[in-house]
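Student: 3D, please:
(chains A and B)
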Amino acid sequence: MTDAVLEQTVFHDLHVELGAKMVPFAGYAMPVQYPLGVMKEHLHTRTKAGLFDVSHMGQVLLRGDNPAESLESLVPVSLIPLAEGRQRYAMFTNEDGGILDDLMVANRGDHLFLVVNAACKEADIAHMKAGLPDCEIEVIKDRALLALQGPAAEAALSALVPSAAEMVFMDVSVVASDFGELWISRSGYTGEDGYEISVSNDNAVAFAQALLVQDDVEPIGLGARDSLRLEAGLCLYGDDIDTTTTPVEAALEWAVQKARRNGGAREGGFPGAQVILAQFETGASRRRVGILPEGRAPMRAHTLLFADETATESMGEVTSGAFGPSIEGPMSMGYVATEFAQTGTKIFAELRGKRVPATVADMPFRPSTYKR
Amino acid sequence: MKYTEEHEWLRIEDDLVVVGITAHAAEQLGDVVFVELPEVGTMVVKDDEIVVIESVKAASDILAPIDGEIMEVNDSIVNEPGKVNDDPENDAWFVKLKVDDLGPMDDMMDEAAYKAFIG
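Tutor: Numbers count the residues shown, from 1 in each chain, chains lettered A, B, ... in the order given. As a prediction, this is how the structure comes out:
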């Protein structure tokens, strides 16, 4: 992979100018941190506002006679009742009930706006083209995507776009501005109040600079994005969820509305429905949980989990782990056999040949601050 | 002060060899959040893993730069790992070694050579 040519977002030169350390991520050269450093970037986002380049993610418009109804055939999520100007979390599933990707779906009147993960976008588009022959799928190539997150995000964005202050969590709107048409959603992936803003490539850098020039706004890299989303208990696709995990195993039942479950108005009708709906009835054999290690040692991805200090067979595995700057301690997310999934259960992780105690914990590790 | 290619520094103090990591290494690691130190009394051979250090990004090992016996460890950095970023070349030393043969230190880099090494 070292010879692979990395794609660049429209912000590449700005990142370099701001002193970012660039790393390969999902085929793109992306900023992992700026001179502030991961810890301070994380804390700045929690106390003020952080600006993230998330332009590597895929932006897709889905048009058709009833795109929400069509898309329901690929996701276990209720989309038909989703009101215009509202957004919802969804996931593509496969025939085994595994998760192909997770995504955001917004109702923009006569069409849907989807944001999908960078590493999955090509596959997602092929999947939609194959599964939604009646829909027109437009992949947006000429727009960048920024996330502005944190308690000062509202003030910072409304200084440029006053109507942003009127939005609540998961609202979406298309707004004319000095930076052209902005597609704004009040959402993000940090557990903070904030926005994701799609802006044309032509206006993107000027728009980012108009945010960054404000005292409360700092550029934040992928390093802090990862610790922020983990503190918020949010899954990273490819680490915490993938084609081998189902929505029930992943504790994402909340994203499968009653209408799509057994006995619901539009029960099933999505790939893997048989597997997933059976798990709603009987449970799954393993479950995604939060894990708080005792002591300070972080338990990172692929750390094996055990029922006790002497068990020879592991009963689970950490899928992401890091130090949480806001909770001031290590935190992990992972899968355990369901009998160990209850909050408060003592488990052990094998770290460098030693069994280190940990406790199954509720997520988020830090309460989210969405404006509902 | 002497320096290794593994970005450790060594300093002789009261007949013991004090070992830490360089400011350059601390900066490369990013914010240090966890340090695990060896037991006092452990005999170590050059390149033994003696310290585990974790930053927000990843875990790294620190290898013994020279043969010796661990005489003291800096417990204060276990409680406050951030000191490794704040003052890596003074307060945030890792271990003090009793070393019988100081000869290998003669072959290590001095400050000017280390500066050239890290460019």
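Student: Distance-wise, check residue B:59 relative to residue A:318.
Tutor: Separation of residue B:59 from residue A:318 (C-beta to C-beta, to the nearest Å) stands at 13 Å. (Glycine included, C-beta is placed from N, CA and C.)
Student: Residue A:36 now?
Tutor: 28 Å.
Student: So for the two, which sits in the more crowded spot?
Tutor: Shown here are residue A:36 and residue A:318; by other C-beta atoms under 10 Å in any protein chain shown, residue A:318 has more neighbours (24 against 19).
Student: domain ranges for chain A?
Tutor: The record's domain parsing of chain A by the TED database lists A:11-57+A:142-232, A:59-134, A:253-361.
Student: Endpoints of the first one, how far apart?
Tutor: What that stands for is domain A:11-57+A:142-232. 26 Å (C-alpha to C-alpha, to the nearest Å).
Student: if I pick the residue nearest the centre of chain B, what's in contact with it?
Tutor: Chain B has residue B:20 as the residue nearest its centroid, 2.5 Å off, counting by C-alpha atoms, centre = their mean. With contacts defined as C-beta atoms under 8 Å, 6 or more residues apart in numbering or on different chains, residue B:20 is in contact with B:8-9, B:88-89, B:92-94.
Student: Find the residues that touch each one of residue B:59 and residue A:318.
Tutor: In contact with both residue B:59 and residue A:318: residue A:300, using C-beta under 8 Å, 6+ apart.
Student: could you point out where the chain is predicted with low confidence?
Tutor: Picked chain A for this. A:1-3 (pLDDT under 70).
Student: residues in it within reach of chain B, list them.
Tutor: Residues of chain A lying near chain B by C-beta under 8 Å from any C-beta of the partner chain: A:32-33, A:37-40, A:223, A:227, A:296-298, A:300, A:322-323, A:325, A:330, A:352.
Student: picking that back up, which one of the contacts of residue B:20 sits closest to residue A:203?
Tutor: residue B:88 (43.2 Å; C-beta to C-beta).
Student: Among the contacts of residue B:20, pick out the one closest to chain A, please.
Tutor: residue B:88 (14.3 Å; C-beta to the nearest C-beta).
Student: gap between the helix or strand residue A:320 falls within and the chain center?
Tutor: In the assignment (DSSP states H and E), residue A:320 maps to strand A:316-324. Chain-centre distance of strand A:316-324: 16 Å, with C-alpha atoms, centre = their mean, to the nearest Å.
Student: I would like the residues contacting it, please.
Tutor: Outside of strand A:316-324, the residues within contact range by C-beta under 8 Å, 6+ apart are A:226-227, A:230-231, A:236, A:239-240, A:286, A:288, A:291, A:298-305, A:329-337, A:340, A:347, A:349, A:365-366, B:33-34, B:54, B:56.
Student: what's the following helix or strand after it?
Tutor: Using DSSP H and E, the first helix or strand after strand A:316-324 is strand A:329-337.
Student: Go ahead and list the helix or strand containing residue A:154.
Tutor: Under the assignment here (DSSP H and E), residue A:154 is part of helix A:153-158.
Student: Okay, and which of the residues of chain A next to chain B map to strands?
Tutor: A:32-33, A:322-323, A:330 (DSSP state E).
Student: Nearest to chain B among the residues you listed?
Tutor: residue A:323 (3.8 Å).
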